[in-house]
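Student: Sequence first, then the predicted structure, then my questions.
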Amino acid sequence: MKTEKQIVCITCPQGCLITVCGDDMTGEIDCVEGNSCPRGKAYAENEFCRPLRILTSSVKTEGSDVPLVPVRTRTAIPKELIFTGMEVIRRLTVKGDVECGDVIVPDFLGTGVDLIASGSAKAV
Amino acid sequence: MKQTDVVVIGAGAVGSALARELSKYDLDVTVLEKNEDLGGDSSRSNSAIIHTGYDAKPGTLESQLVVAANPMYDKIARDLDVPFKRIGAILPAFTDEQFAQLPALKHKAMMNRVYDVEYKTGAQLLEMEPNLNPSVKGGLYIPRESIIDPFLLCIGLAENAADNGVHFLLGTKCTGIKVEEGGVTAVETTAGTIATKYVVNAAGLYCDEVAGYVGKNDYYVTPRKGQFYILDKNTSCKVGMIVLPIPTKVTKGKLMCPTIHGNMLVGPTAEDMLDKTDKSTNAEGLASIAADVSKMIPGVNLRDTITQYCGLRAQRNPEGLNIDIYDDLARYVNISGVRSTGLTGSVAIAKYVVDLMLENGLRATFKTNFNPIRHGTPRFAELSAKERAELIARDPRYGNIVCRCETVTEGQICDAIHRTLGARSVDGVKRRLRAGMGRCQGGFCGPRVIEIIARELGISPEEVRKNEPGSEMLTGAVRE
Amino acid sequence: MKQIYDVIIVGGGPAGLAAAVGAKKEGAKDVLIVERDVSLGGILEQCIHPGFGLKTFGEELTGPEYARRYIKEALDLGVEYKLGTMVLEVGDNSVTGVNREDGLFVAEGKSVILAMGCRERTRGAIATPGTRPAGVYTAGAAQRLINRQNMMVGKTAVILGSGDIGMIMARRLTLEGAKVLAVAEIMDYTAGLTRNRVQCLEDFNIPLLLNHTVVEIKGKQRVEGVVIAEVDPATKKPIAGTEKLYECDTLLLSCGLIPENELTAAAGIRINKITNGPDVNQFMQTCKPSVFACGNVVHVNDLADNVSEESERGGRYAARYAMGKLPAGKEIPTVPEGNVRYVCPQRIAPDFPATLFFRAAKPEKGAVVRVLADGKEISSRKLIKINPGEMEKVTVKPEDVSGAASLTVRVD
């Protein structure tokens, strides 16, 4: 359906108000206005029909010096998968040494994006 | 059934002082406290002043005991390691009407045998307290009005009593008193029945309910709310003494004074209530403090507040401190009407009550091995560099500062938890050590204190409470 | 531990780490960081959300990832550090600290950098009436409990204040299965960044109540609810009759950050009344020439990236001072005017380039920022919009400033 959406860009603190018009079913975009950088344009185009977010949370550790290790999706995943992602994250446990950047779940939820450790833990 | 000689109901200032006084005799003494920690209700939320009794109603028991108590504090504070300072109070008059009241107030002090009250001129008062409203016309100086750490006073008294053999049952409420053949024989509690020879009702705010168990509730108690501000230690406008307003017919009014730890205390309100558990502050009460105190101290800056709290005074109706024994009820002492002067009066009330019991048939021998001395937890913030270094060398946990605002170490927290009648909750740690009482109000140390309490008590973090059951700090683990 | 360091840094968070890197890069030989927590990184360790590093590294990092880049760089450069160490006193050329291993110690430094960060405004400081139950947390304390200590603070929450940490915690609690009933903000705009309003509140349909505040906390043991009322936009006083009870077991506060300057004040360093941080020049030098300060201890920044940039600069100049290469000279004040709440640095050495950071007092669209030397305009720039939640900056060149007695930044 042809439509016009006002999108507040979240890629940087400036928070530009970007107007996108196009078809939000097909993803066909006619115009993008109000962005002040190419990242903003890309964000607005995605946000128009398929919003993406980086999911960050933490997973339980076992035999480590810290009770939790933070995790993130390496890049943004579809926004609608966030709560499904949390269900998976809640059930995960990592053991011993974890290095920042270690892949915790490859191809998280079939998105093609890995869930990685964003902090570290030491085995004890 | 548990057997004891004396049951004291209530571990506020009066109950704790009484416990310590009784521990000087070869008696088996049990103290009941409904709360999970020492300090009762009124005894821990008040203005923390040790009064002289200069303004008590002359000739009353309250006057007699408060006036007698004041000089006892130098030794008690030293023996029990309780921070205490004689800073003095002033009573400035700003209007002609107030000024005209001064002779009567001074005369009242004389009637109460507080002979060291002096007149001061406005200029003298301004020199003593430069932040006073410069329109001050003159006033009174009451040199022995003093400040104390009220938590540590109660804790010190109770802890010393326990070290001398008194049993404390915390989180245990008195639910009834058994009377047989005209005398008390047992106390029913939420933890079972305790057979006893004597019962002393020191239940403060709830003393009417306890008296009701033995049909001696010919009075009732209502709470009188007092709201206070605590200001930051580096607030722009401070006072060095207790600055008291000239009382009106309605109220003793709102004061400003330093706390023993260097904060400023401003308040209290006086609001008659019905709910004895309602310790909430309200916008109207807090606003009235600002309005009233700024008349005396125009520069008082309540925006420098770090917290506000509410205490409940036990207002007896009809009023007045009463310590009663009864012809038709043997071995029972009823203490009622302990109000704002109760923190001060407690140590004299204790002596009076024990003497009354001895006069009326209590048979007890003075112990030879009573130890009056309590060594409190080291106060790291007050130690010299040398003392600090020695402490850390002995126990490295004193090198880990947990509360940054008040400079409280892990070693102190562990000591406060593991000593006699130790801390069991976040507030328990806070009241004993001041961790979380500073300007960040536990923002930094709070999460760390929860961890230490759980570790030292061998409980899960979810079981750590702010104070009473139901005040758990956490709702579970993020990941089970 | 060495006897004398070139630079000693109090605090190992984003400011301290970047300052250490800056000092080393500038040629300081012995640099020591003194950190009170059990690891380096400071608050970044609990900020597991993304949004860090866009400016500095051109990619979106989480707090711990961002910290690790600086920690690695600092350690590779040979920066020394002490953990679990609280600094008790700062002198012109010394730091007195305490920890388990060394006990009390004094470390001497040719220069000292203050990088203690900030703390959160508390319930007591904003004087919210009501009871004092368990379940009232500052947003940052809750963040530490949840993200580092695996401790959940509540099941149903209200958040007072729309600071960034508050909005981020609204999302964090929601992801962890708690219900966030509302974020109440006394002002008519969010205190934090727009993008946090979008991705933390709007993404999860969390109501944002502007012009509202909590007027009462209820519950004797644990929070049982809070009463929220609308406020008069002009007076900020609650409007009678608009009170509404929100039943919840938790109240998080995100009502502002205060630079942590107890050590600074105790050292006799002049504190600015608006920023609550020390007055500095563009070298991040306080009124005591050997003592520098950077990051949130100076003024509360909007982004860690800005803290790093400012702190690396501070570290470089502290190193120069330690090596005797930072001459003292004439300084002129910077003055905020119009819709500018403060300018940092508060004074500059006019013979050197300077970047002036500032914040607006209120949101404004289509505003113009102008820099004036002795009242004469030396630069101007049009802004699409300006928000108090976001820091702005202008740079000035020595040739434009030369001879001026003061420099004014104004927004109209």
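Tutor: Done, it's in.
Student: so who does the nearest residue to residue B:446 once chain neighbours are set aside touch?
Tutor: Leaving out its chain neighbours, the residue that sits closest to residue B:446 by Cβ to Cβ, 6 or more residues apart in numbering or on different chains is residue C:141, at 5.4 Å. Heads up, the C-betas are built off the backbone N, CA and C, glycines and all. Residues in contact with residue C:141 (Cβ atoms under 8 Å, 6 or more residues apart in numbering or on different chains) are B:442, B:443, B:444, B:446, B:447, C:120.
Student: and residue C:141, which of the three is it?
Tutor: Going by DSSP: H, G, I helix; E, B strand; the rest coil, the secondary structure assigned to residue C:141 is helix.
Student: Could I get the buried residue list for whichever helix or strand residue B:211 is part of?
Tutor: Assigned by DSSP states H and E, residue B:211 falls within helix B:207-212. Across helix B:207-212, burial judged by 16 or more other Cβ atoms under 10 Å in any protein chain shown covers B:207, B:208, B:210, B:211.
Student: List just the nearest of these to residue C:409.
Tutor: residue B:207 (65.5 Å; Cβ to Cβ).
Student: beta partners of the closest residue to the closest one other than its chain neighbours?
Tutor: Nearest in space to residue B:207, with sequence neighbours left out and distances taken as Cβ to Cβ, 6+ apart, is residue B:336 at 4.8 Å. Taking DSSP bridges as the rule, residue B:336 bridges to residue B:322.
Student: how about residue B:336, what does it touch?
Tutor: Residues near residue B:336 by Cβ under 8 Å, 6+ apart: B:201, B:207, B:208, B:211, B:219, B:221, B:316, B:321, B:322, B:324.
Student: Over to the last one: give its phi and psi.
Tutor: For residue B:324, the backbone dihedrals (degrees, to the nearest 10) come out as phi -120, psi 140.
Student: Look up how far residue B:177 lies from the residue nearest to it when sequence neighbours are not counted.
Tutor: Nearest non-adjacent residue to residue B:324, counting by Cβ to Cβ, 6+ apart: residue B:334, 4.5 Å away. Here the criterion is Cβ to Cβ, to the nearest Å. By it, residue B:334 lies 11 Å from residue B:177.
Student: where's whatever residue of the stretch 51-200 of chain C ends up closest to chain A relative to chain B, distance?
Tutor: Chain A sits closest to residue C:194 of the stretch 51-200 of chain C, with a gap of 3.0 Å, by Cβ to the nearest Cβ. Distance, residue C:194 to chain B, by Cβ to the nearest Cβ, to the nearest Å: 26 Å.
Student: got it, and residue C:403?
Tutor: To chain B, residue C:403 is 38 Å away according to Cβ to the nearest Cβ.
Student: Walk me through the domains of chain A.
Tutor: What automatic domain parsing lists as the domains of chain A is A:2-50, A:56-117.
Student: Save those domains as TSV, and put in mean pLDDT too.
Tutor: Listed next are the domains of chain A as TSV, based on pLDDT from 0 to 100:
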stretch	mean pLDDT
domain A:2-50	86
domain A:56-117	97
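Student: Stretch C:280-288: how far from the chain's middle?
Tutor: Stretch C:280-288 sits 17 Å away from the centroid of its parent chain (Cα atoms, centre = their mean, to the nearest Å).
Student: Would you mind writing the CA trace of that stretch as PDB?
Tutor: The C-alpha trace of stretch C:280-288 is given here as PDB (Å, rounded to 0.1, in the frame of the first residue of the first chain):
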ATOM      1  CA  VAL C 280      38.400  24.000  33.400                       C
ATOM      2  CA  ASN C 281      40.200  25.500  30.400                       C
ATOM      3  CA  GLN C 282      40.400  23.800  27.000                       C
ATOM      4  CA  PHE C 283      43.300  21.700  28.300                       C
ATOM      5  CA  MET C 284      40.900  20.300  30.900                       C
ATOM      6  CA  GLN C 285      43.100  22.000  33.500                       C
ATOM      7  CA  THR C 286      41.400  23.000  36.800                       C
ATOM      8  CA  CYS C 287      42.300  26.100  38.800                       C
ATOM      9  CA  LYS C 288      45.100  24.000  40.200                       C
END
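Student: related to what we said a few turns ago, pull the number of nearby residues for the residue nearest to residue B:324.
Tutor: When neighbours are counted by other Cβ atoms under 10 Å in any protein chain shown, residue B:334 registers 24.
Student: Same question for residue A:123.
Tutor: 12.
Student: One more: residue B:178?
Tutor: 17.
Student: coming back round to it: and which of the contacts of residue C:141 is nearest to chain A?
Tutor: Using Cβ to the nearest Cβ, the contacts of residue C:141 come closest to chain A at residue B:447, 12.5 Å.
Student: so the closest one sits right up against residue C:145, yeah?
Tutor: Yes. Between residue B:447 and residue C:145 a contact is recorded at 5.0 Å, counting by Cβ atoms under 8 Å.
Student: shared neighbours, these two?
Tutor: What both residue B:447 and residue C:145 touch, as defined by Cβ under 8 Å, 6+ apart, is the set residue C:151.
Student: if we can go back for a sec, after the helix holding residue B:211 comes which helix or strand?
Tutor: Remark: after helix B:207-212, the chain's next helix or strand is strand B:220-231, criterion DSSP H and E.
Student: Which elements pack onto the next helix-or-strand element following that next one?
Tutor: Counting by DSSP H and E, the next helix or strand C-terminal to strand B:220-231 is strand B:242-243. Where contact means 3 or more Cβ pairs under 8 Å, 6 or more residues apart in numbering or on different chains; DSSP states H and E, strand B:242-243 is packed against strand B:89-93, strand B:255-258.
Student: For chain C, which of the ones you listed is the nearest?
Tutor: Nearest to chain C among these is strand B:255-258 (16.6 Å), distances taken as Cβ to the nearest Cβ.
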